[in-house]
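Asks: Output the structure for:
(chains A, B, C, D, E and F)
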6 protein chains.
Amino acid sequence: MGVHVRVVTPITSRGFRAASDFEGLLGAEDTVSHVEIDRGPASIECEYDEMLSVPDTVAKIVDAERDGADAVVIDCMGDPGLKAGRECVNIPVLGPCETSMNLACMLGNNYSVITVLKRLRGQFENQAKLFGAWEKFASVRAVDIPVLDLEQDPTGTRKTLTEQALVAVEEDGADVIIFGCTGMLGCAEAVREGLLARGYDIPVIDPVPATVRIAASLAASKLSHSKIAYELPPNKPVVGYDMPPLQGYLAAAE
Amino acid sequence: MGVHVRVVTPITSRGFRAASDFEGLLGAEDTVSHVEIDRGPASIECEYDEMLSVPDTVAKIVDAERDGADAVVIDCMGDPGLKAGRECVNIPVLGPCETSMNLACMLGNNYSVITVLKRLRGQFENQAKLFGAWEKFASVRAVDIPVLDLEQDPTGTRKTLTEQALVAVEEDGADVIIFGCTGMLGCAEAVREGLLARGYDIPVIDPVPATVRIAASLAASKLSHSKIAYELPPNKPVVGYDMPPLQGYLAAAE
Amino acid sequence: MGVHVRVVTPITSRGFRAASDFEGLLGAEDTVSHVEIDRGPASIECEYDEMLSVPDTVAKIVDAERDGADAVVIDCMGDPGLKAGRECVNIPVLGPCETSMNLACMLGNNYSVITVLKRLRGQFENQAKLFGAWEKFASVRAVDIPVLDLEQDPTGTRKTLTEQALVAVEEDGADVIIFGCTGMLGCAEAVREGLLARGYDIPVIDPVPATVRIAASLAASKLSHSKIAYELPPNKPVVGYDMPPLQGYLAAAE
Amino acid sequence: MGVHVRVVTPITSRGFRAASDFEGLLGAEDTVSHVEIDRGPASIECEYDEMLSVPDTVAKIVDAERDGADAVVIDCMGDPGLKAGRECVNIPVLGPCETSMNLACMLGNNYSVITVLKRLRGQFENQAKLFGAWEKFASVRAVDIPVLDLEQDPTGTRKTLTEQALVAVEEDGADVIIFGCTGMLGCAEAVREGLLARGYDIPVIDPVPATVRIAASLAASKLSHSKIAYELPPNKPVVGYDMPPLQGYLAAAE
Amino acid sequence: MGVHVRVVTPITSRGFRAASDFEGLLGAEDTVSHVEIDRGPASIECEYDEMLSVPDTVAKIVDAERDGADAVVIDCMGDPGLKAGRECVNIPVLGPCETSMNLACMLGNNYSVITVLKRLRGQFENQAKLFGAWEKFASVRAVDIPVLDLEQDPTGTRKTLTEQALVAVEEDGADVIIFGCTGMLGCAEAVREGLLARGYDIPVIDPVPATVRIAASLAASKLSHSKIAYELPPNKPVVGYDMPPLQGYLAAAE
Amino acid sequence: MGVHVRVVTPITSRGFRAASDFEGLLGAEDTVSHVEIDRGPASIECEYDEMLSVPDTVAKIVDAERDGADAVVIDCMGDPGLKAGRECVNIPVLGPCETSMNLACMLGNNYSVITVLKRLRGQFENQAKLFGAWEKFASVRAVDIPVLDLEQDPTGTRKTLTEQALVAVEEDGADVIIFGCTGMLGCAEAVREGLLARGYDIPVIDPVPATVRIAASLAASKLSHSKIAYELPPNKPVVGYDMPPLQGYLAAAE
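Replies: Alright, predicted model coming up:
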């Protein structure tokens, strides 16, 4: 009687995620299922990309609940659709940015985010303010590699990530590192070792695996988001979007 | 040689705005033009509604710049599309929530937002945190009237707004009032008088007129948002949205 | 190949915890072991009690690592020994207060703590400030029942907890509830139902089960606290305490 | 039926301002009038100078209302007399520092102030805290030129301003620049171009023109400061100052 | 070889202070001297009054240093002239508001200010923000008695003060009380007893005696304010004020 | 009829303090007495050391009250036992860290702590957050000398302290310096002179002398900590500690 976590990757590129990315994250009785969105951008690197990813991400979150998932994880550090998605369902919906920032608050005194592009600095600052994690925010550093190119030179990517993490530690005072793009999946061990080699024994949070596990924990604890904070949307006409019916409306109609 | 401000109403209901709503806001040489979105929700009362309004709102912001507007005002207190819209254009894009909250910081010590529904409290708290206006935030109070019903009983609406504004002043310590829904347009004078009758001589910010005038001021001052904060989105494939080409891409292609 | 979480109950009363309290929290392959401290107060209800509980709590944390535990959970909402304990070991050490407050930041906009005694208000405020969770802190409410009396009238305790949680929601604006004493273990479902009956569908965090699961998640993710933030203590003479040798000293001596 | 904005320059040096400084700021029907104070310091470069400028600045603010002005702008980035002046009148009184800082919050994520002397750093920090603009405050940088010498080498001044703005952007993370002295009037375009030449397309706020326009906007919107926050002073004996009678006293006497 | 503390009462009313007010505050070898200002308002109850009190208060601070005082205390909770005064001299200058707020941070978790008039709420909030004491600020409560009437009915004043202090404790969560007007001198014991009679054993700070003693302590510790934060004003022409020459100018001229 | 201040040095090393360290701090009629703890660490350089010092420090605080002391000062910048000690007694208990940080808030705009070891950075950040002194916190810098070695090369220690203070001023923007270890007693004058020689005229707070004097001032003002914030601990069984009986229990038993 395990837990079922659905991961929604909010981009339309295919091949960004493999089934193997989620293997072994949870226990033998648990399930991690995975979908990508059908409408939206090829990757998410700014507010514009993000807003185009949101409507179908929310639709996939609604689908997940209908499919019997016990929790949903959004596979992007912009946490697109987090708030709207939570309004639509009763199961917990987690964003890797909100989750990682709050974990970071538990693991050290000051955390930095190492992301793909410098332009995302403001977005991470804003997210830290929204997520109640601003008090321990140290900095954002970027490797200057577009999301879809992270995989092209895995060794180079790990090396640059380590370099920027070192800058965060030595210049910005970070004692916890968060990856600022879910495309960096799998690089945490290398970066942690790189930091250790320089004498810094600190956690490096790989957001998606950590968030999938926290999602499973919340589901097991029967904890979901507050429905005062995330009330079911009022039913009303919508033009131009074919959104799935919300379970809440169906329940109310019975 | 006046200024042209474009107002984008991010809902698909028709009749919510009349041309007369913007008459006389600016000088004789200036123009206020107005469009509504074609795809999205009938009204905006939660995060779900808001995310469905954003893509076409951003498209209309792009159109506005192409049409020669000098500034854009988004006609909703959720400021939908504010950040993504700013990435796409060079003219200033203003949200009435961000603008009103920063004006409120200039007019008194503690401001409250009087909005339609109680459920919006969290959204306004979050916006205050994002907009650098949290330090003077006092409270959110709600009249419990859906957006599209505000006009049904204008006298009752004004009365209830005044009552909630009084609660904000007397219980929450507010000394400035902001309307928390652009559908309350035109009620500020009545509420201000109601407060005056109780001995409270304080500003009541009607967000859209105030924001249109600030937008014109910024345009006249040749001030627009920071392109470090709001860089042009990278060009990439998008599935399922027919967004207008960004001027920046066209310029770069030349 | 499961995870082993050690729970340390930092009081000298016996019978406060039963083995059954931890049954079923983790998967079939995982272990939750439990110890109490041998030197310290009968219960923890103030800073004085807490400081007397810390030295042996830290000793038990050191023991836990030596015994092969993968993570430690301190069973008291004062999180006694959290920081000193982390300095001594490499496995993650979690306090239920820090963990619950950061979870609360992920589940809603404003959380309240319902604790045993009013006098603890300042301690929870201080903890929220330390744990990077102050921005969403709403209030502390108390049931006015000493820790060791919570079990005397379980029905009465649940009823009073529900009443105070309602006050937190209706007067303080809370949308998430955290129990402020680990002696309230097992009451969350009743309180959640009591709130639901009043129309409030919000999470009620039972700190110990939630923290045990998060501890297991961190261990599975190979995440521990930062050793920049929590460096191994320097070796030096100590008078009057028979503390266990730290693994780090032994390792260094090799 | 235009708007009349009165600018009060709170120093006793003559020749610091020319009528041409305000030409073209507002529409054809509007008026910008200008006065200097008669008692006070030659320039304002510290708290001592500022306090000596305040009494006559407030007198001039009272005069402005009696003269029929619709709004007042204080022409100094210390905003001398802002709070006392507001107590005395009903028309909006704006300080360029408060106004620019709140505008900066609307234009980017982090703003810096480029001022004349390093010693003013603390004053700007304090003002940001008072004006509800601390959350986006990045830094203060100084050109090390006394106020009255800014005009001596206009080209040198623009060059140094640009250099310090670059430091603010590159070292302090600023994405909006505010001039920290109203004596820098007219330099914004040059600094903005200098930054553009280095690839930084960001707003440079020239405080006085921006504030005059915002003042006109507020007057047109019938918005003034809160009289709860800025209540009319109680009438009482004053020794050694020949302050103009407050309109409010005259009204009350009728 | 005692310490000499000069108290400057920044109002022109005579009889507000008696020599006996300062008797016994310091040791037998120490001196407390006292002056009132000659130009300014009869009492200070708003920003307008305060700005009129500042120039002569600063002159008296300069005089104090020239007279050989070791420290200065400004006798008003608006701390008028605090910053400008510090620029002019090298001896420590203390304001009772700044001092009391920082003492309150050391004595409890949340402090409230009980002042004369409700209108002062904003001023105290602003001072708490400036003085680094905002994090523990609970509220302002007022007795609604003008400054110069506090002495008319001493028993009534003490009774009302106690009532408002009780409101601060019971409704606002205060655990430390600060008097918000130096005219309340001598009432602390009565209020403290009134609170004790209701079961609240908390400190009631009588600002002037406390500040005089802290000033003496600082002088004894050879601690004064930072001259980076409070640099000597640049020498320049001033019209209409007959300020005493600053020691710093004289020293520089030698 | 002087004041008696008891200093408790919370370490078991002998020779760290000489009687002469406290000579001349207070007036001729006053007394400074001194004790060290009997159980605990040789020095305090981390959370682990600190928690081992607390129980006996609290015992010594209880003894101090019973011995007739009017105030207690804890002689360590970790302020060990501050909160628990205050619960046990009615006389004021002061920590040099809390006291110095609040004094620093009164002396300048931004303060830095110069301490022994880099690892203490997080502890000082946390203390600033707890003590209501975070808003003016600039940085922590370390001299990298263990506590008990500070005296080995007094000249070298002073030189390194001065160097780090300069870094704090020039790189971190500090305008007030606090020594971050009470073992630096007596170095303030040298560091202040070193800074003066570089043109920085700023206060250097030597925590113990300053705190002893503030403690005497509070005692003279009959101000002690809030017993709402620091209520007497409930009486209960304790295993393994031989704590002195609390006066409050004895009083209650009468």
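Asks: what about the residue nearest to A:Val62 when sequence neighbours are not counted, neighbour count?
Replies: Among residues not flanking A:Val62 along the chain, A:Pro244 sits closest, at 4.6 Å (Cβ to Cβ, 6 or more residues apart in numbering or on different chains). The C-beta positions use only the backbone N, C-alpha and C, and glycine is treated the same way. Look at A:Pro244: counted by other Cβ atoms under 10 Å in any protein chain shown, it has 14 neighbours.
Asks: Can you pull out the low-pLDDT segments for the stretch 1-150 of chain A?
Replies: A:1 (pLDDT under 70).
Asks: would you list every one of the helices in it?
Replies: Along the stretch 1-150 of chain A, the stretches classed as helices by DSSP state H, counting those that start in this stretch are A:47-66, A:82-88, A:96-107, A:121-130.
Asks: Any chance of JSON lines for the ones you listed, columns mean neighbour count?
Replies: JSON lines is the format used below for the helices of the stretch 1-150 of chain A (neighbours: other Cβ atoms under 10 Å in any protein chain shown):
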{"stretch": "helix A:47-66", "mean neighbour count": "25"}
{"stretch": "helix A:82-88", "mean neighbour count": "26"}
{"stretch": "helix A:96-107", "mean neighbour count": "28"}
{"stretch": "helix A:121-130", "mean neighbour count": "22"}
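Asks: Turn these into a markdown table, columns for distance to B:Gln152.
Replies: Below are these laid out as a markdown table (distance: least, Cβ to Cβ, whole Å):
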| stretch | distance to B:Gln152 |
| --- | --- |
| helix A:47-66 | 30 |
| helix A:82-88 | 26 |
| helix A:96-107 | 39 |
| helix A:121-130 | 34 |
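Asks: Next, count neighbours for the nearest residue to A:Val116 once chain neighbours are set aside.
Replies: Distance criterion Cβ to Cβ, 6+ apart; nearest residue to A:Val116, sequence neighbours excluded, is A:Cys181 at 4.7 Å. Residue neighbour count, defined by other Cβ under 10 Å, stands at 28 for A:Cys181.
Asks: quick one: the residue nearest to A:Val62 and chain C, what's the gap?
Replies: Between A:Pro244 and chain C the computed distance is 21 Å (Cβ to the nearest Cβ, to the nearest Å).
Asks: Wait, that residue touches A:Asp63, no?
Replies: Yes. Using Cβ atoms under 8 Å, A:Pro244 makes contact with A:Asp63 at a distance of 6.1 Å.
Asks: is the residue nearest to A:Lys118 when sequence neighbours are not counted in a bridge, and if so with what?
Replies: Closest residue in space to A:Lys118, ignoring its immediate chain neighbours: A:Ala142 at 4.3 Å, by Cβ to Cβ, 6+ apart. Residues in a beta bridge with A:Ala142, per DSSP bridges, are A:Thr115.
Asks: which ones are touching A:Ala142?
Replies: If you count contacts by Cβ atoms under 8 Å, 6 or more residues apart in numbering or on different chains, A:Ala142 has them with A:114-118, A:120-121, A:164, A:180.
Asks: Narrow these to those that are buried.
Replies: Among the contacts of A:Ala142, those classed as buried by neighbour count (16 or more other Cβ atoms under 10 Å in any protein chain shown) are A:114-117, A:120-121, A:164, A:180.
Asks: which one among the residues you listed gets closest to F:Tyr48?
Replies: Proximity of the buried ones among the contacts of A:Ala142 to F:Tyr48 (Cβ to Cβ) peaks at A:Ile114, which lies at 30.8 Å.
Asks: give the contact list for that closest one.
Replies: Residues near A:Ile114 by Cβ under 8 Å, 6+ apart: A:140-143, A:161, A:164-165, A:168, A:177-180, A:184, A:191.
Asks: In helices, which of the residues you listed appear?
Replies: A:161, A:164-165, A:168, A:191 (DSSP state H).
Asks: Show me where the stretch 151-254 of chain A has its strands.
Replies: Secondary structure of the stretch 151-254 of chain A, counting by DSSP state E, counting those that start in this stretch: strands at A:176-179, A:204-205, A:238-239.
Asks: Which one, of these, ends up nearest to chain D?
Replies: The minimum distance between chain D and these falls on strand A:176-179, with 18.6 Å, by Cβ to the nearest Cβ.
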